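> need a structure here:
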Amino acid sequence: MCASGATRSPPSSRGWRRGCPTRRSCGRKAAQGALAKEQPHWQAWEARRDRTLSLDGERRIAEQAVTAARQEFQRLDRELAEALAARESLKRLEPELVPIQALQQERDGLEALQREEAVRREELAKLVWELRRKLEPFDAEHLIENERRLGYRLRTCRDR
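Numbers count the residues shown, from 1 in each chain. Model prediction:
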């Protein structure tokens with residue numbers, strides 16, 4: 001019996017009955033019928049497969065994000081532990097650091113005095129240079145001497 005419902009006639013007749021004139025067209029109709037019957041199932045399976053592959057890809061991406069977040073969390077946890085340990089060390093060393101703070105303040109004050117002294121020495125050097133220039137016409141600029149690490153000295157007649 002053909003898929004279209006036609007039956008095969010005895011060998012003496014001319015082929016297939018009406019509705020299925022050739023074997024090829026009968027096979028085609030049977031295949032089309034089977035395809036029409038199975039196509040919705042096939043499309044559903046393809047859609048499921050596509051969803052499964054999509055979800056699997058999303059799962060792998062999410063796993064990578066979880067791994068990255070876990071590593072970041074562990075790094076931050078280590079940094080926090082190091083910071084807490086550093087705070088405890090600082091608390092233990094604080095009594096020893098108090099004199100250092102006083103020394104730093106003293107150093108800052110001494111540096112300010114040093115800057116003031118440098119300005120005074122520069123002004124003194126300008127004044128001595130100007131005095132020597134004024135003594136040049138009298139051939140007396142040699143009367144002012146530099147005393148190393150002490151400053152300037154005015155030579156008197158007794159020093160000759």
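
> Over to the residue nearest the centre of the chain. Which of the three states is it?
Nearest residue to the geometric centre of the chain (C-alpha atoms, centre = their mean): E72, 11.9 Å. What DSSP: H, G, I helix; E, B strand; the rest coil gives for E72 is helix.

> For it, report the pLDDT, please.
Looking at E72, its pLDDT is 97.

> For R49, see how far away it is.
Look at E72 and R49: by C-beta to C-beta, to the nearest Å, they are 35 Å apart. Quick note: C-beta positions are derived from backbone N, CA and C, even for glycine.

> Please apply the same query to E116.
86 Å.

> what are the ranges of the strands in this protein?
144-147, 151-154 (DSSP state E).

> neighbouring strands for the first one, and are they parallel or not?
When you say that, I think you mean strand 144-147. Sheet pairing of strand 144-147 (DSSP bridges) gives strand 151-154 (antiparallel).

> Contacts for the helix or strand bottoming out on mean pLDDT in the chain, please.
Ranking every helix and strand in the chain by mean pLDDT, DSSP states H and E puts strand 151-154 at the bottom, with a mean of 80. Strand 151-154 is contacted by residues 124, 128, 143-147 when judged by C-beta atoms under 8 Å, 6 or more residues apart in numbering.

> between these, which is nearest I61?
Distances from I61 to the contacts of strand 151-154, taken as C-beta to C-beta, are shortest for L124 (76.8 Å).

> Count the neighbours of the closest one for me.
By other C-beta atoms under 10 Å, 12 other residues sit near L124.

> Who are the contact partners of it?
Contact analysis of L124 by C-beta under 8 Å, 6+ apart lists 151-152.

> Point out where the protein drops to low pLDDT.
Along the chain, the parts satisfying pLDDT under 70 run over 1-21, 157-160.

> sorry, back to before: now distance to L35 too, for the contacts of strand 151-154, in CSV please.
Output for those, formatted as CSV (distance: C-beta to C-beta, whole Å):
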residue, distance to L35
L124, 112
V128, 115
L143, 126
I144, 120
E145, 120
N146, 115
E147, 117
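
> Quick one: buried ones out of these?
128, 143 (16 or more other C-beta atoms under 10 Å).

> Around E141, how many other residues sit close by?
Neighbours around E141, by other C-beta under 10 Å: 15.

> P95 versus that one, what's the distance?
60 Å.

> gap between the least confident helix or strand of the chain and the chain center?
A distance of 63 Å separates the centroid of the chain from that of strand 151-154, by C-alpha atoms, centre = their mean, to the nearest Å.
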